[in-house]
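Engineer: coords please:
(one chain, ligands or ions: 1)
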Amino acid sequence: MSHQVLIPTPLRPYTDNQERVEVEARTVGEALAALTTRHHGLRRHLYADDGKLRSFVNVYLNDDDIRYLDREATALGPGDVISIVPSVAGGAPTTAPPAAPELTPGDYERYSRHLILPEVGVDGQRRLKAARVLCVGAGGLGSPAALYLAAAGVGTIGLIDFDAVEASNLQRQIIHSTEDVGRSKLVSAKHRLTALNPDLQVESFETRLTSANALEIFRGYDVVLDGTDNFATRYLVNDACVLLGIPNAYGSIFRFEGQASVFAAKDGPCYRCLYPEPPPAGLVPSCAEGGVLGVLPGVIGTIQATETIKLILGGGRPLIGRLLLYDAWNMGFRELKLRRDAACPACGDHPTIRELIDYEQFCGVVPAAAAPAADPGEEVTVEQLKAKLETGGPVYILDVREPNEFQICHIPGSVLIPLAQLPNRLSELPGPGDTRELIVHCKMGGRSAKAVKLLHEQGFTRARNLTGGILAWIDRIDPRQPKY
Ligand code: ZN
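Structural biologist: Prediction:
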């Protein structure tokens, strides 16, 4: 039976640069013997003088280390793939382009741990020094990514963000400090990055990324690192990268799970090959609504930085055509194959996207200014609610958040029924004979708007949404309660 043996980069000089070698074998041992018979130079890298596999060479059968199977006697089945994973890597360094800046004596000292890696070396470090990376967003993903890129010696980092640092950012956005609360994220990030590496050039774009400015900002960068938190900007970043031919180190996070990939490389695939269309607006909650484990963006942002550095060095096996899934709660990584979609409107055979479009409209997000005025009959302000409560007006306050949010803060007298449970718990609400007003709220008003819509459809036509949710209540009525 014929099987593939995957050869890691450092050992390819001994297999005539082949990435995979096909061998006839019934066991792993036979496969390795066939491999080293054909490629004699490999033998001393895999086996010690006593004929045993070297301890720093791991051999995997599919996803399993053969040490946990029957070692070299492990039988091979149809389609089984053998991988050699050496813990010590050799390999040929790439040559830096002649225009790359020379290293200074200070650089030799600072980057000495890179310089002794053959995969980086002096040429690789010069490539890093010449490189220009744009981080879209200086938040959860941008924080670790920009810090590691600055530390690694990337010469120029562009940052786009227009937010100010809030206390609730500090749980994960480690580029900012407590003293930065209230400051511009870009000012704070630049301060931290240049403290880490004074040679770094930071290019700040304190603006919202739009179809009108994206191409102009992106042009001239070698890699774009997508650390955005909304779908409209994700599609915008993707399309701009495809149009300009700039690789996109992608990452996204939600609660305990993250994703990473590299899009828009020369032969695709891109984000649209993975997700041709965004989910309907409001269907997928944001991290502000759904929460995120603070360390999660640390892992995913660091993976994005790793991929960015590999793209600059031109080495390793990039995350192109692969979607890496990370589950922090169960602690595991999975990898899915990602193929370029020939019908992809951005990177397909006949692309229809030749310029940037209106991404907010594409994603079903209507800009606030253009949104039709809400029916005043359906919204209640926190001041109106307070007045009702003070005059003893008959009110039933329904809180559709989650129990852990209710525990942080709640409006006195409110009843908690999480949005997901609402369809099955309608009987608990005041029925048609009840004259109480039904006022629904959540954290900021998004989930409760969905609840009000559902309630209207179910005949609870008196249900009204509390504008701005409990955050507005705390801001304007009851500032003693904690916000989150
Ligand atoms: Zn595509």
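Engineer: For stretch 477-484, output the C-alpha coordinates as PDB.
Structural biologist: Output of stretch 477-484 as PDB, limited to C-alpha atoms (Å, rounded to 0.1, in the frame of the first residue of the first chain):
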ATOM      1  CA  ILE A 477     -31.000  57.400  37.300                       C
ATOM      2  CA  ASP A 478     -29.000  55.100  39.600                       C
ATOM      3  CA  PRO A 479     -25.200  55.700  39.400                       C
ATOM      4  CA  ARG A 480     -24.600  53.800  42.600                       C
ATOM      5  CA  GLN A 481     -24.900  50.500  40.700                       C
ATOM      6  CA  PRO A 482     -21.900  49.000  38.900                       C
ATOM      7  CA  LYS A 483     -21.700  49.100  35.100                       C
ATOM      8  CA  TYR A 484     -20.100  46.400  33.000                       C
END
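Engineer: So which other helices or strands are in contact with the helix or strand where residue 195 lies?
Structural biologist: Residue 195 belongs to helix 185-196 when assigned by DSSP states H and E. If you count contacts as 3 or more CB pairs under 8 Å, 6 or more residues apart in numbering; DSSP states H and E, helix 185-196 packs onto helix 142-152, strand 156-160, strand 201-205. For every residue, glycine as well, the C-beta is placed using N, CA and C.
Engineer: Rounded mean pLDDT for the last one, please.
Structural biologist: Pointing back at strand 201-205 there. Average pLDDT, strand 201-205: 98.
Engineer: Repeat that for the longest one.
Structural biologist: Per-region confidence: helix 142-152 scores 98 on mean pLDDT.
Engineer: ditto for the second one
Structural biologist: pLDDT averaged over strand 156-160 equals 98, rounded to a whole number.
Engineer: interface residues of the chain facing the ion?
Structural biologist: For the chain, the contact set with the ion under CB under 5 Å from the ion comprises 270, 272-273, 344, 346-347.
Engineer: what's the pLDDT at residue 291?
Structural biologist: 86.
Engineer: Number of residues surrounding it?
Structural biologist: Neighbours of residue 291 under the rule other CB atoms under 10 Å: 17.
Engineer: doesn't residue 229 make contact with residue 286?
Structural biologist: Yes. Taking contacts as CB atoms under 8 Å, residue 286 lies within contact range of residue 229: 6.6 Å.
Engineer: got the contact list for the residue lying closest to residue 328 once chain neighbours are set aside?
Structural biologist: Leaving aside its chain neighbours, residue 328 sits nearest to residue 256 (4.5 Å; criterion: CB to CB, 6 or more residues apart in numbering). Residue 256 makes contact with 293, 296, 327-329, according to CB atoms under 8 Å, 6 or more residues apart in numbering.
Engineer: which two from the residues you listed end up farthest apart in space?
Structural biologist: By the measure CB to CB, 293 and 327 form the most distant pair in the contacts of residue 256, at 10.8 Å.
Engineer: So if I had to pick from the two, which one is more boxed in?
Structural biologist: The neighbour comparison of residue 293 against residue 327 (other CB under 10 Å) goes to residue 293, with 18 against 13.
Engineer: phi, psi of that one?
Structural biologist: phi -70, psi 130 (degrees, to the nearest 10).
Engineer: can you offset everything so residue one is 347?
Structural biologist: Taking 347 as the first residue, the last one we looked at is residue 639.
Engineer: Retrieve the pLDDT associated with the residue lying closest to residue 659 once chain neighbours are set aside.
Structural biologist: The shortest distance from residue 659 to any non-neighbouring residue, by CB to CB, 6+ apart, is to residue 470 (4.8 Å). The model reports residue 470 with a pLDDT of 95.
Engineer: count of neighbours near residue 470?
Structural biologist: When neighbours are defined as other CB under 10 Å, residue 470 has 26 of them.
Engineer: Now do the SS call for it.
Structural biologist: Using DSSP: H, G, I helix; E, B strand; the rest coil, the structure places residue 470 in helix.
Engineer: Pull the contacting residues for the nearest residue to residue 551 once chain neighbours are set aside.
Structural biologist: Nearest non-adjacent residue to residue 551, counting by CB to CB, 6+ apart: residue 506, 4.3 Å away. Residue 506 is in contact with 480-484, 551, 553, 555, 563, counting by CB under 8 Å, 6+ apart.
Engineer: So what's the gap between the helix or strand where residue 656 lies and the chain middle?
Structural biologist: Secondary structure assignment for residue 656, by DSSP H and E: helix 642-659. Offset of helix 642-659 from its chain centre (CA atoms, centre = their mean, to the nearest Å): 10 Å.
Engineer: Report the angle between that helix and helix 488-498.
Structural biologist: Interaxial angle of helix 642-659 relative to helix 488-498 (axes from the mean of the first three to the mean of the last three CA atoms, to 10 degrees): 40 degrees.
Engineer: so what does helix 642-659 touch, helix or strand wise?
Structural biologist: Helices and strands touching helix 642-659, as assessed by 3+ CB pairs under 8 Å, 6+ apart, comprise helix 467-476, helix 488-498, strand 569-572, strand 594-600, strand 603-609, strand 668-673.
Engineer: Name the residues of stretch 490-500 that are buried.
Structural biologist: Neighbour counts over stretch 490-500 (16 or more other CB atoms under 10 Å) mark 490-496, 498-500 as buried.
Engineer: Tell me which residues are up against that stretch.
Structural biologist: Contacts of stretch 490-500 (CB under 8 Å, 6+ apart): 453, 456-457, 460, 471, 474-475, 477-479, 481, 484, 503, 505, 520-521, 535, 538-539, 542-543, 545-546, 571, 573, 595, 597, 643-644, 647-648, 650-652, 654-655, 658.
Engineer: roughly how far apart are the residue of the chain most remote from its centre and the ion?
Structural biologist: Within the chain, the residue lying farthest from the chain centre (CA atoms, centre = their mean) is residue 779, at 49.8 Å. Distance, residue 779 to the ion, using CB to the ion, to the nearest Å: 56 Å.
Engineer: Look at that residue and give its secondary structure.
Structural biologist: Look at residue 779: counting by three-state DSSP, its state is coil.
Engineer: hang on, the earlier thing: out of the contacts of stretch 490-500, which are buried?
Structural biologist: 453, 456-457, 460, 471, 474-475, 477-479, 481, 484, 503, 505, 520-521, 535, 538-539, 543, 546, 571, 573, 595, 597, 643-644, 647-648, 650-652, 654-655, 658.
Engineer: tell me the contacts of the closest residue to residue 415 other than its chain neighbours?
Structural biologist: Among residues not flanking residue 415 along the chain, residue 407 sits closest, at 6.2 Å (CB to CB, 6+ apart). Contact partners of residue 407, counting by CB under 8 Å, 6+ apart, are 374, 415, 420, 422, 426-428.
Engineer: 10 Å instead?
Structural biologist: Contacts for residue 407 were tallied using CB atoms under 10 Å, 6 or more residues apart in numbering; they are 349, 373-374, 377, 414-416, 420-423, 426-429.
Engineer: quick one: pLDDT of it?
Structural biologist: As predicted, residue 407 sits at a pLDDT of 88.
Engineer: Bridged to the nearest residue in space to residue 592 that is not next to it in sequence, which residues?
Structural biologist: Leaving aside its chain neighbours, residue 592 sits nearest to residue 570 (5.4 Å; criterion: CB to CB, 6+ apart). Beta-bridge partners for residue 570, by DSSP bridges, are residue 480, residue 594.
Engineer: Distance-wise, check residue 415 relative to residue 405.
Structural biologist: Distance of residue 415 to residue 405, computed by CB to CB, to the nearest Å: 10 Å.
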